[in-house]
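[1] Provided below are the primary sequence and the corresponding predicted coordinates.
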Amino acid sequence: HLSHRLQTVAGFVLSGSRLADIGSDHAYLPAYLVMNKKIKWAIAGEVVAGPYQNAVHEIRQLHLENLVATRQADGLAAIHVDEEIDVVTICGMGGSLICQILTAGFDQLNKQPRLILQPNVNEVAVRHWLIRNSYQIVAEEIVAEDRHIYEIIVADPIKEPITLTTTEYLFGPLLLQAKSPAFIQKWQGEKLKLQRVLAQLTQAQNEPVAKEQELQQKIKLIEEVLND
Ligand code: SAM
């Protein structure tokens, strides 16, 4: 009963790896991966008591206690020192919270893991964090589910730092190349939203011109990408 969104995330988890799923809630993702024998062992980390109990119950019910460690901890503190974690997944939260979690605990990791991140909003912040911290985006997916559109960003550590253009940061370097139907749907929706905000600003009249110009520029950028 894994959602299409989490199925997509699962597909990017390296076979035989040791996973830490941060903000795991019901621990559906690690449970699915160990049951399907794709991974050996996982941590399901949760900071909030209710979701942590959800994880504990799920893992107990499935008799997976030896394969999934449920831990109540803030972010990457769920990972103990010397636990060789190959993949970290952080899904279903805002992009800035994902960046905060990564920044707060990253130095404690003894190995740079693959990161599979699914921000609900502010994907651009996540891409900036990755590039700033010597990660390379190796895959991106965009999936539509329950009237929402989710982006999944997969990144591996690299030695040579790379950079992205403003357009790539905003739209995603690989999503931009693929321009899938979900991508087009997302950005057509974003454009409509921005146009509505712009119309309201124009009516209000006493708003600063700079704000209007910023919106116009973003709309133009979206149009360029969609019409390209
Ligand atoms: N990852 C699951 C998914 O994608 O379906 C659950 C997503 S749920 C919407 C977000 C979860 O992140 C919540 O259960 C919340 O308690 C947890 N969370 C938020 N901040 C966290 C933090 N700093 N450390 C660990 N978990 C956190």
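    Structure received.

[2] so how far is C91 from V9?
    Computed with CB to CB, to the nearest Å, the distance linking V9 and C91 is 6 Å. All C-beta spots, glycine's among them, are computed from the backbone N, C-alpha and C.

[3] pick out whichever of these two has more residues nearby.
    Between V9 and C91, V9 has the larger neighbour count (other CB atoms under 10 Å), namely 27 against 22.

[4] circling back to that earlier point, next, show the common contact partners of V9 and C91.
    Applying CB atoms under 8 Å, 6 or more residues apart in numbering, one finds that V9 and C91 are jointly contacted by 29, 116, 118, 152.

[5] pLDDT below threshold where in the chain?
    Within the chain, the stretches with pLDDT under 70 are 207.

[6] which stretches in it count as strands?
    Applying DSSP state E to the chain gives strands spanning 18-22, 41-46, 68-72, 87-93, 114-119, 135-145, 148-157.

[7] is there proximity between the last one and the ligand?
    Read that as strand 148-157. No. In terms of CB under 6 Å from any ligand atom, no part of strand 148-157 sits within range of the ligand; the closest distance is 9.0 Å.

[8] which bits of the protein sit near the ligand?
    Of all the residues in the chain, those lying near the ligand are 6, 22-25, 45-48, 51, 74-75, 91-93, 97, 101, going by CB under 6 Å from any ligand atom.

[9] contact partners for the residue sitting nearest the centre point of the chain?
    Centroid-nearest residue in the chain: Q118, 2.0 Å away (criterion: CA atoms, centre = their mean). Contacts of Q118 were listed using CB under 8 Å, 6+ apart, and they are 5, 9, 89-92, 150-153.

[10] got phi/psi on D25?
    phi 50, psi -110 (degrees, to the nearest 10).

[11] against K211, how distant is it?
    In terms of CB to CB, D25 sits 37 Å off from K211.

[12] likewise for F171?
    22 Å.

[13] do the same with F12
    38 Å.

[14] looking at the two, which is more packed in?
    Between F12 and K211, counted using other CB under 10 Å, F12 has the larger neighbour count: 17 against 12.

[15] circling back to that earlier point, and the closest residue to the residue nearest to the centre of the chain other than its chain neighbours, what does it touch?
    In space, and not counting its chain neighbours, Q118 is closest to C91: 3.8 Å by CB to CB, 6 or more residues apart in numbering. Applying CB under 8 Å, 6+ apart, we find C91 in contact with 5-6, 9, 21, 23, 29, 116-118, 152.

[16] mind doing that once more with 7 Å?
    C91 makes contact with 6, 9, 118 under the criterion CB atoms under 7 Å, 6 or more residues apart in numbering.

[17] domain-wise, how is the protein divided?
    Domain assignment for the chain by automatic domain parsing gives 4-177, 183-227.

[18] not counting residues beside it along the chain, what's closest to L102?
    W129 (6.0 Å).
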